[in-house]
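# Sequence first, predicted model second:
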Amino acid sequence: MHSSLVQRLSLETQLEDHQGCVNALAWNSKGSLLVSGSDDARVNIWSYESKKLLHSIDTGHSANIFCCKFVPETGNDLVVSGAGDAEVRAFRLSQSSGRSFGGPGIEQTAVFRCHSKRVKKIAVEDGNPHVVWSASEDGTLRQHDFRDGVLCPPAGSANQECRNILGMLHMEIFYCFWVVEVFPWQTFLRCAYRGYGGLLLGGVWHTWRATCLDLRSGAKKSLADPPKQCLALKSCDISATRPHQLLIGGSDAFARLYDRRMLPPLTSSRKQSKAPPCVCYFCPVHLSDYGRSSLHLTHVTFSPNGEELLLSYSSEHVYLMDVNNGRDTTARYIASDVPKRMILAPVLNGTKVTVTSQPINNGYVGNRKISSWLRECKELLEDAQKELEQQNSLYAIEVTSEVLDAGRPELDPGLRHDFLCTRATAFLKRSWKNDAHMAIRDCIEARKINPMSGWAHVTMAESLSQLGKHKEALDYAMQANFLDPTNHELAEKVQYLREKLAAAEDGKNSKKNDGESKLERRPQRVRSLSELLFRTEADQSDSSQDSRRAEREDSDYDDDMDVEMEFEMSVSGDDDREAEAGLRPGSLNLRVRRRGAASRDSSQRNSSSGSPPSGMQNVEVSPQMEVAIDLRQRYVGHCNVGTDIKQASFLGTKGDFVASGSDDGRWFIWQKRTGRLMKVLKGDENVVNCVQCHPFDCAVATSGIDNTIKMWTPCAQEPSIVFGGVAGPETADIFNLMAENQRKMRSQREISLPFELLQRFRMHDVGEGTVHPFECTQS
């Protein structure tokens, strides 16, 4: 997809037939058909050529449909759907008696009821017509093989022993064809039909053993913490080029990459097992020790070539990661590396920055002279610094990013240092969510180039000060003052940080004393959901609460909050959890406790039972040594706080652009390499959740809270981009829109509960039949 086509994207038509929010979109492999799933519990099949509805399937789901897919290599005949009723259903279009609402229509081919909570995502593998995967909020990823049967007992059945927790494939082979598949370490043949999943290695046929992926105890609060709670899965994807690679995203900050061939043997689906180790974690380093249960992923996906992936976070931005982390060792980190980023050191890790450079032949870059390109860069730097003086930080960030991230030849080290420090200063002045962390990244790179840079040190001090790291900020400010002792502003900065540090220490000691006295008077207890959601007017009118809320909005994180909340729901089959004190079968419990109390309780239990600390129970995979991959690019401007199904997608056959829906009813398009915002389009009256690019053509389908599907093609008469060109009406006042979206994400402090829990709670408090079964929900 060329940028000139992106600039002309405009609304071509709307597909109208659903009676509820459209939560899922997917193209078939050839791009001739589009499937959609909705809150009206129907799956619709649309023709891309005629934009007409071909089939409308009454699925029989009793709750909102969240995902749907065409099953590959079935001639577009088999369609699967997953919904909030915890069921996965399959339908054959060839068994249709015509489009029908309520009457005879397409009958279901298979029903899988092995999940116990909402099914949020379905994944299929190119070339495999027999197997689909479903990710659920019950913490399991299940494989459904149509050859093993088309029915399974419902959750809670006495004879339930579902074998579909990623249980791998048959041993026998009836018919197959062979295709060559090249991996980085080996080339082998792969069977594409019956017995799919086997390997022919050295003339011997091998099959993958029965394996399982149970993450019911797999969630992590930080990279250093061992997994404990249930990881409610929100999204999954299978690499198109390496189908053994499986990507998982859920209710914590970490996307996980698994190799399906390395998963442990299948035991029992009813017993909660230890979470298996993954190949690698993916998480921006500044989110890896966030420690808050509210941060979670809403969507994960591979790029078309399988070399990159996108992570979309709730109340956060969209991030680009490299799957092949061996190309850039600086992107890899472990838990102990995280705090080192903020500690003053002569030269971080003793390394120098390395920049991938484009070959320069005889003083030319392509058909341009290197001298003219460097002269242009200096002019751009001067322009960025002038705009920064005029408080136009957004333009300064765009200009510097265009040079630093565009993959052009290596800059002169001094010039690159100035670009990094200028962008870091612009990040601090813009002050959008996590901009201070982005400034820290640039300052670290600038200090690698020039460890004696006063500019880098003072900017680092300001970044840390914005994050409340006053002790570390003071160290950098003192070093900057040492490097430039004649600068009186630096001396004043040092004194200011000393006062802030002393005030912070006094406040911490006072809060600690107050907290200990409160704990003595009021021990930890389990509150009812009614007590949380329906507080008295006296509680809500507390003036001190308003002041505390205002203070929290000035910070990216809720570090000043004293308590944390855990929601625990006992489901059928969780015998161990039901045995805990205060938990009743099928009950919903809210535990409010002081921060850190959970870890202290756990350590006390381990000590009393004589068991080793949690970090020593699994010596072979220590959380302290687990590897994570940092971001390569960040995409900002949209808002993602209202839904947990918001997608981020690659656009084009090469994935040169990135797109995401937004809570403001628009969808955003960025240039993948530089993060530059290219286009903003109005796609919904409320929220855009789904953005799916056509597999070959320059066309994009979007949907959200509205009942319609929008089809976008390059049909505009004039090009329109955000930063220049002929601005269309949809980009008017775009900068204020982006700033407002950031304000919403930074001030988002509401408690979000799973929909089925709120629905269950409401059904206890209202009369029967007063809750509409298909009302649009933002989850």
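The structure has been received and is ready for your questions.
# use CA for all of it now, contacts and neighbours both
Noted.
# mind listing the strands in the stretch 351-500 of the chain by residue range?
364-365, 368-369 (DSSP state E, counting those that start in this stretch).
# Which of those comes out lowest on mean pLDDT?
Ranked by mean pLDDT, the strands of the stretch 351-500 of the chain bottom out at strand 364-365, which scores a mean of 50.
# so what's Phe282 up against?
By CA atoms under 8 Å, 6 or more residues apart in numbering, the contact list for Phe282 reads Phe254, Ala255, Arg256, Leu257, Met321, Ala628, Ile629, Asp630.
# ditto for Met745
Per CA under 8 Å, 6+ apart, neighbours of Met745: Ser315, Glu316, Lys433, Cys639, Asn640, Val641.
# What backbone torsions are found at the last one?
The phi and psi values for Val641, taken as degrees, to the nearest 10, are phi -130, psi -20.
# For it, which non-adjacent residue is spatially closest?
Computed as CA to CA, 6 or more residues apart in numbering, the closest residue to Val641 that is not its neighbour in sequence is Ser315, at 4.8 Å.
# Run a quick neighbour tally on the one you found.
25 (other CA atoms under 10 Å).
# Please report the distance of it from Ser251.
Going from Ser315 to Ser251 by CA to CA, to the nearest Å gives 13 Å.
# what do these two both touch?
Leu295.
# if we can go back for a sec, isn't there a strand covering the residue nearest to Val641?
No: secondary structure of Ser315 (DSSP: H, G, I helix; E, B strand; the rest coil): coil, not part of a strand.
# Okay, the residue nearest to Glu387 when sequence neighbours are not counted and Gln390: tell me how far apart.
Setting aside the residues directly before and after it, Glu387 is nearest to Ala396 in space (CA to CA, 6+ apart), at 6.2 Å. Taking CA to CA as the measure, Ala396 falls 10 Å from Gln390.
# go on, Tyr496?
Tyr496 is 25 Å from Gln390, by CA to CA.
# can you check Ser56 too?
Distance of Ser56 to Gln390, computed by CA to CA: 56 Å.
# Between these two, which has more neighbouring residues?
Neighbours were counted for Ser56 and for Gln390 using other CA under 10 Å; Ser56 has more, 24 against 9.
# so where does the more buried one fall, helix or strand?
Assigned by DSSP states H and E, Ser56 belongs to strand 53-58.
# which helices and strands does that strand pack with?
strand 42-47 (3 or more CA pairs under 8 Å, 6 or more residues apart in numbering; DSSP states H and E).
# Give the rounded mean pLDDT of the strand it packs on.
For strand 42-47, the per-residue pLDDT averages 96.
# ditto for stretch 378-391
Computed over stretch 378-391, the average pLDDT equals 91.
# quick one: buried residues of it?
For stretch 378-391, burial by neighbour count (16 or more other CA atoms under 10 Å) applies to Leu380, Leu381, Asp383, Ala384, Gln385, Glu387, Leu388.
# who's Leu246 bridged to?
Ile238, Tyr258 (DSSP bridges).
# ok, it - contacts?
Going by CA under 8 Å, 6+ apart, Leu246 touches Cys236, Asp237, Ile238, Ser239, Leu257, Tyr258, Asp259, Arg260.
# So among those residues, which ones count as buried?
Judged by 16+ other CA under 10 Å, buried ones among the contacts of Leu246: Cys236, Asp237, Ile238, Ser239, Leu257, Tyr258, Asp259, Arg260.
# For the helix or strand following the strand holding Ser56, enumerate its sheet partners and note whether each is parallel or antiparallel.
Downstream of strand 53-58, the first helix or strand assigned by DSSP H and E is strand 65-70. Strands adjacent to strand 65-70 in the sheet, as given by DSSP bridges, are strand 78-83 (antiparallel).
# which outside residues touch whatever helix or strand comes next after the partner strand?
Sequence order places strand 88-92 as the next helix or strand after strand 78-83, per DSSP H and E. Counting contacts by CA under 8 Å, 6+ apart, the residues outside strand 88-92 that touch it are 59, 77-82, 106-113, 119, 134.
# which residues sit against the host helix or strand of Phe668?
Assigned by DSSP H and E, Phe668 belongs to strand 666-671. Strand 666-671 is contacted from outside by 635, 637-638, 656-662, 676-684, 687-688, 691, using CA under 8 Å, 6+ apart.
# Out of those, which sit inside strands?
Among those, the members falling in strands (DSSP state E) are 635, 657-661, 677-682, 688, 691.
# could you dump these to TSV with distance to Glu462, pLDDT and neighbour count?
TSV is the format used below for these (distance: CA to CA, whole Å; pLDDT from 0 to 100; neighbours: other CA atoms under 10 Å):
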residue	distance to Glu462	pLDDT	neighbour count
Tyr635	23	97	23
Phe657	33	96	24
Val658	31	97	25
Ala659	32	97	28
Ser660	31	97	30
Gly661	33	95	31
Leu677	27	92	21
Met678	30	91	20
Lys679	32	92	23
Val680	32	92	26
Leu681	36	93	19
Lys682	37	92	20
Val688	36	96	30
Val691	38	97	27
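# and which of those residues is nearest to Ala63?
Val688 (20.4 Å; CA to CA).
# thought that closest one was touching Gly704?
Yes: proximity of Val688 to Gly704 meets the contact threshold set by CA atoms under 8 Å, at 4.3 Å.
# rewinding a little: so who does the residue nearest to Glu387 touch?
So Ala396 contacts Asp383, Ala384, Gln385, Glu387, Leu388, Thr422, Arg423, Ala426 (CA under 8 Å, 6+ apart).
# swap in Ile343?
Shown in contact with Ile343 (CA under 8 Å, 6+ apart): Glu472.
# coming back round to it: shouldn't the residue nearest to Val641 be in contact with Thr643?
No: counting by CA under 8 Å, Ser315 stays clear of Thr643, with 9.7 Å between them.
# Quick check: Tyr118 vs Ala24, distance?
Wrong residue type there; residue 118 is Arg, not Tyr. On the measure of CA to CA, Arg118 and Ala24 end up 14 Å apart.
# These two: which has the busier surroundings?
Using other CA under 10 Å, the more surrounded residue of Arg118 and Ala24 is Ala24, with 30 against 27.
# Could you verify that that one is part of a helix?
No: secondary structure of Ala24 (three-state DSSP): strand, not part of a helix.
# Check it and give its pLDDT.
Ala24 is given a pLDDT of 97.
# Report the separation between it and Pro339.
40 Å.
# tell me which residues form a beta bridge with Ile57?
Val43.
# do Val680 as well
On the basis of DSSP bridges, Val680 is bridged to Phe668.
# next one: Val691
Partner residues in beta bridges with Val691, using DSSP bridges, are Thr702.
# Run through the residues that contact it.
Leu25, Gln647, Ala648, Ser649, Ala659, Ser660, Gly661, Trp667, Val700, Ala701, Thr702, Ser703 are the contacts of Val691 under CA under 8 Å, 6+ apart.
# quick one: the strands in the stretch 651-779 of the chain?
Under DSSP E, counting those that start in this stretch, the stretch 651-779 of the chain gives strands at 657-661, 666-671, 677-682, 688-693, 700-704, 708-713, 720-721, 724-725.
# Show me the one of those that comes nearest Gly454.
Closest approach to Gly454 among those (CA to CA): strand 677-682, 31.7 Å.
# the longest helix in the protein is where?
Secondary structure of the chain per DSSP state H: the longest helix is helix 488-521.
# helices and strands around that helix, which ones?
By 3+ CA pairs under 8 Å, 6+ apart, helix 488-521 packs against helix 470-483.
# Kindly provide the whole-number mean pLDDT of the helix it packs on.
90.
# Quick check: buried residues in that helix?
Here helix 470-483 shows His470, Lys471, Glu472, Ala473, Leu474, Asp475, Tyr476, Ala477, Met478, Gln479, Ala480, Asn481 as buried, counting by 16+ other CA under 10 Å.
# Contacts only, for the third one.
Spelled out, that is Glu472. Here Glu472 is in contact with Met342, Ile343, Leu344, Ala461, Leu464 (CA under 8 Å, 6+ apart).
# Let's have those in CSV, adding distance to Glu49 and pLDDT.
As requested, the contacts of Glu472 are arranged in CSV below (distance: CA to CA, whole Å; pLDDT from 0 to 100):
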residue, distance to Glu49, pLDDT
Met342, 55, 88
Ile343, 58, 88
Leu344, 60, 86
Ala461, 57, 93
Leu464, 54, 94
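# Good, we can wrap up now.
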